[in-house]
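Enquirer: Predicted model, plus sequence, below.
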Amino acid sequence: MHPFPIRDAEPGQALPTGRMGYDLDAERLLLHTIQSVEAFEALLTTGTLTPDPDLAVAEFAEAYDWLYRMMAARLPTSGQGALWLWARTRRDHLVGNCRRSRGQVLLICRVPRERVLLSHFDEWHVVLNRGLGMPRLPGESEDDAFARWEEAYDEFDARLRAAGMRDAPIRDWPPGLRDEIETSWESILDRGNYGPFECWQGTVHALNADEVVEAVRII
């Protein structure tokens, strides 16, 4: 007997029609994640799905290391690596993910909010690219926000070059510069910096079988 319903579906039928039902203020967050068959079998066998940090893209090791430290500091759980889930996205976007993931398994979950670190999906790419985190100010136009960011980044980059660290790993930067950029990244964790319809991702240390509402094998 499985601890949750399991069904097979084409990508377009993997999700209910209509509104997704995301609520980032709920006590238990609605989350979606697509996992391999092997990961799904591990969840069924052990009752818990934990991440394999070795699967993280090596090119972005610094970004993942920062995220892991944020999870360790802000979540009541512990563990190695992170499991990634959608916390708010468009239905058509998620269906598109399913189309690219035939043969894998979509997990529809409800996880206690305190166990999930939310981060802004688009702005996570700032961290991946070692940029400065500078969200748009209230009432600021997109062009003005970019001009402000570009000026700040050029000034930061000049200091980095002056220190001879432009191409060095962040761990080797002078502490002041390293702290400055990593502190700026924390802006992507603050929902107050963004509008009400932005796309958010969640990371957890582990996913328990009793937190899965339904599993959909994508055919």
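Expert: Yep, that arrived. Residues are numbered from 1 along each chain as shown.
Enquirer: Enumerate the beta-bridge partners assigned to residue 109.
Expert: When bridges are taken as DSSP bridges, the partners of residue 109 come out as residue 31, residue 212.
Enquirer: Contacts only, for it.
Expert: Contacts for residue 109 were tallied using Cβ atoms under 8 Å, 6 or more residues apart in numbering; they are 30, 31, 32, 33, 85, 207, 211, 212, 213. In short, each C-beta sits where N, CA and C put it, glycine included.
Enquirer: now it: how far from residue 187?
Expert: When distances are taken as Cβ to Cβ, to the nearest Å, residue 109 and residue 187 turn out to be 27 Å apart.
Enquirer: In this protein, where is pLDDT below threshold?
Expert: 1 (pLDDT under 70).
Enquirer: Go again with 90.
Expert: Counting by pLDDT under 90, the chain has low-confidence residues at 1-3, 17-19, 52-58, 195-197.
Enquirer: just checking, what packs against the lengthiest helix in it?
Expert: Counting residues, the longest helix in the chain under DSSP state H turns out to be helix 142-162. Identification of packing neighbours for helix 142-162 by 3 or more Cβ pairs under 8 Å, 6 or more residues apart in numbering; DSSP states H and E yields helix 175-185.
Enquirer: List the buried residues in the helix it packs on.
Expert: Buried residues in helix 175-185, counting neighbours by 16 or more other Cβ atoms under 10 Å, are found at 181, 182, 184, 185.
Enquirer: go on, stretch 75-86?
Expert: Along stretch 75-86, these residues count as buried under the neighbour rule (16+ other Cβ under 10 Å): 75, 79, 81, 82, 83, 84, 85, 86.
Enquirer: would you turn the residues you listed into TSV with distance to residue 102 and secondary structure?
Expert: Formatted as TSV, the buried residues of stretch 75-86 follow (distance: Cβ to Cβ, whole Å; DSSP: H, G, I helix; E, B strand; the rest coil):
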residue	distance to residue 102	secondary structure
75	33	coil
79	29	coil
81	25	coil
82	25	coil
83	21	strand
84	19	strand
85	20	strand
86	18	strand
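Enquirer: List of residues touching the longest helix of the chain?
Expert: With contacts defined as Cβ under 8 Å, 6+ apart, helix 142-162 is touched by 131, 132, 134, 136, 137, 140, 166, 173, 177, 180, 181.
Enquirer: and what of stretch 52-70?
Expert: Defining contact as Cβ under 8 Å, 6+ apart, one finds that stretch 52-70 is touched by 80-82, 117, 119, 124, 127-128, 130, 169-171, 182, 185-186, 189, 203.
Enquirer: Walk me through the domains of the protein.
Expert: Domains of the chain are assigned by automatic domain parsing as 6-121+199-218, 124-193.
Enquirer: What ranges does the protein have for its helices?
Expert: Taking DSSP H as the criterion, the chain carries its helices at 37-46, 61-74, 91-99, 124-128, 142-162, 175-185.
Enquirer: if I look at the residue nearest to residue 34 when sequence neighbours are not counted, how far off is residue 35?
Expert: Closest residue to residue 34 in three dimensions, ignoring its sequence neighbours and counting by Cβ to Cβ, 6 or more residues apart in numbering: residue 101, at 4.8 Å. Distance, residue 101 to residue 35, by Cβ to Cβ: 9 Å.
Enquirer: who's more crowded, those two?
Expert: Between residue 101 and residue 35, counting by other Cβ atoms under 10 Å, residue 35 is the more crowded of the two (21 against 16).
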